[in-house]
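**Q** Take a look and give me a structure for this.
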Amino acid sequence: MADVESVLAPWIEQRFGVFAAAETPADLEDTLPVIRVERIGGSDERFSLHPRVAVDVFAATADEARTLASQVRDALVFLRGPAGSAVIRDVRCDAGPSRQPWANEAIHRRGATYTVSLRAA
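**A** Modelled structure (predicted):
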């Protein structure tokens, strides 16, 4: 079965031209902007998955984080069809992009959660 992180992170990276992965890089400050895609829950059925996914945007400025997070949201909610090793059936935005705390105040973070319905390609 397809892993949602390994499906969405490359799709986001290709679409937006920024580094995207399931974990933040050790050199986050030097790599900005970065998008982290992390499964945080959801359900699995025999032939399909319905994971809940946290998508966090890290950027050098609040405006850049807000803009990129909104662009990612707009693209994800319309994502359907083949994506990597999966077929996306639906993406629902459960909580839109909002300011999230981060240990380093020089890094601005916007986080949103989505439920993605997908099946293996």
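**Q** only C-alpha atoms for contact and neighbour calcs from this point on.
**A** Will do.
**Q** how close does the residue lying farthest from the centre of the chain get to residue 119?
**A** Most distant from the centre of the chain: residue 46, at 24.0 Å, with distances by CA atoms, centre = their mean. According to CA to CA, to the nearest Å, residue 46 and residue 119 sit 10 Å apart.
**Q** Output the longest strand belonging to this protein.
**A** strand 86-100 (DSSP state E).
**Q** What's the mean pLDDT across that strand?
**A** For strand 86-100, mean pLDDT rounds to 96.
**Q** packing partners for that strand?
**A** Counting contacts by 3 or more CA pairs under 8 Å, 6 or more residues apart in numbering; DSSP states H and E, strand 86-100 is packed against helix 62-76, strand 81-83, strand 108-120.
**Q** partners of the shortest one in the sheet?
**A** What that stands for is strand 81-83. Strand pairing for strand 81-83, determined by DSSP bridges: strand 86-100 (antiparallel).
**Q** Residues contacting the strand it pairs with, please?
**A** Applying CA atoms under 8 Å, 6 or more residues apart in numbering, the contact partners of strand 86-100 are 2, 7, 66, 69-70, 73, 76-82, 108-121.
**Q** number of nearby residues for the nearest residue to residue 44 once chain neighbours are set aside?
**A** Spatial nearest neighbour of residue 44, excluding adjacent residues (CA to CA, 6 or more residues apart in numbering): residue 50 at 6.0 Å. Using other CA atoms under 10 Å, residue 50 is surrounded by 20 other residues.
**Q** How about the one 4 residues further on?
**A** Using other CA under 10 Å as the criterion, residue 54 is surrounded by 21 other residues.
**Q** mean confidence score for the one helix or strand it maps to?
**A** Counting by DSSP states H and E, the element that carries residue 54 is strand 49-59. Mean per-residue pLDDT for strand 49-59: 97.
**Q** elements contacting it?
**A** Taking 3+ CA pairs under 8 Å, 6+ apart as the contact cut, strand 49-59 packs with strand 34-44, helix 62-76, strand 108-120.
**Q** tell me the most buried of these?
**A** Ranked by average neighbour count under the criterion mean count of other CA atoms under 10 Å, the helices and strands packed on strand 49-59 are headed by strand 108-120 at a mean of 23.
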